[in-house]
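> Need the 3D shape of this:
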Amino acid sequence: MEDFDKWLEDYCRQGDVHERIPRMGELIGLIEGDLRIFIFARVNPTDAKDVFQVVLTEIILNLCKCKGKTFRQFLAWCYQIARNKVADHYRRNRLDPFPMDELWELVEASKTYLPLTAADEIDLKYALELLEMSHPECREILWDHYILDRDIAEIAEELQLKYDAARMRINRCLETARKYLD
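Numbering: from 1, shown residues only. Below you'll find the predicted structure:
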């Protein structure tokens, strides 16, 4: 969208909601697909629609507060809102790591439905033993990152760490896990 700053200025000057609605629909049409993919890739399907609606609502309510001068800057602002709302969703709906005894039972029960090769079974056994031996904090971080597929930025925000500190903590946990393998 060319001249986004002018578009946004005109939009914010319009006091009548009825005049804003068609313009808002036009803007949402431009960002909806990308935001939907972004959110649905990070949140389970049953909750993704709700999170998506929350993100769109937040964008609409705060559009006049956007400081972006270009459409690209506006898009970055939208993605920041989406990241924050996804993180909020995970904070409220925290999935704790499976208790290890239940995880072992689940693996044993799944063998009847999904037979494993001997090599896969050994790898799975090692992975579960690593999780079991690891420090609870490492277990939680590795679970979040590799099982729940949360990115480092989300983990950093939740732990109130800088991005690099969270990345290093994940790497240290992996190094510790590798030591257990030896």
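
> Might you report the residue contacts of the residue nearest the centre of the chain?
For the chain, the residue nearest the mean C-alpha position is residue 42 (4.1 Å; Cα atoms, centre = their mean). Shown in contact with residue 42 (Cβ atoms under 8 Å, 6 or more residues apart in numbering): 86, 149, 150, 151, 154. All C-beta atoms are positioned from the backbone trio N, CA, C, and that covers glycine.

> Now stretch 150-168: buried residues?
150, 152, 154, 155, 156, 157, 158, 166, 167 (16 or more other Cβ atoms under 10 Å).

> Now the terminal residues of that stretch, how far apart.
Terminal residues of stretch 150-168 are spaced 15 Å apart (Cα to Cα, to the nearest Å).

> Please list the residues outside that stretch that contact it.
The contact list for stretch 150-168 (Cβ under 8 Å, 6+ apart) reads 42, 83, 86, 87, 90, 91, 141, 144, 145, 169, 170.

> Which SSE is immediately downstream of the helix or strand bottoming out on mean pLDDT in the chain?
Of all helical and strand segments in the chain, the minimum by mean pLDDT, DSSP states H and E falls on helix 100-110, at a mean of 71. Using DSSP states H and E, the helix or strand that follows helix 100-110 towards the C-terminus is helix 118-133.

> What helices and strands are in contact with the lengthiest helix in the chain?
The longest helix of the chain (DSSP state H) is helix 17-40. Identification of packing neighbours for helix 17-40 by 3 or more Cβ pairs under 8 Å, 6 or more residues apart in numbering; DSSP states H and E yields helix 4-13, helix 45-62, helix 71-92.

> Deepest-packed of those helices, please.
Scoring the helices and strands packed on helix 17-40 by mean neighbour count under mean count of other Cβ atoms under 10 Å gives helix 71-92 as the most buried, with a mean of 17.

> how far off helix 45-62 does that one point, in degrees?
Going by axes from the mean of the first three to the mean of the last three Cα atoms, to 10 degrees, helix 71-92 is angled at 130 degrees with respect to helix 45-62.

> where does this protein have low pLDDT?
Residues of the chain that meet the criterion pLDDT under 70 lie in 1, 93-100, 103, 106, 110, 113, 131, 147-148, 180-182.

> what residues go with each domain of it?
Listed domain ranges for the chain are 4-92, 100-181 (source: automatic domain parsing).

> end-to-end on the longest one?
The first and last residues of domain 4-92 sit 35 Å apart, counting by Cα to Cα.

> for the contacts of stretch 150-168, which one is nearest residue 118?
Checking the contacts of stretch 150-168 against residue 118 with Cβ to Cβ, the nearest one is residue 145 at 28.2 Å.

> so how far is residue 168 from the closest one?
13 Å (Cβ to Cβ, to the nearest Å).

> circling back: nearest approach to residue 21 belongs to which of the helices and strands packed on helix 17-40?
Of these, nearest to residue 21 by Cβ to Cβ is helix 45-62, at 10.0 Å.
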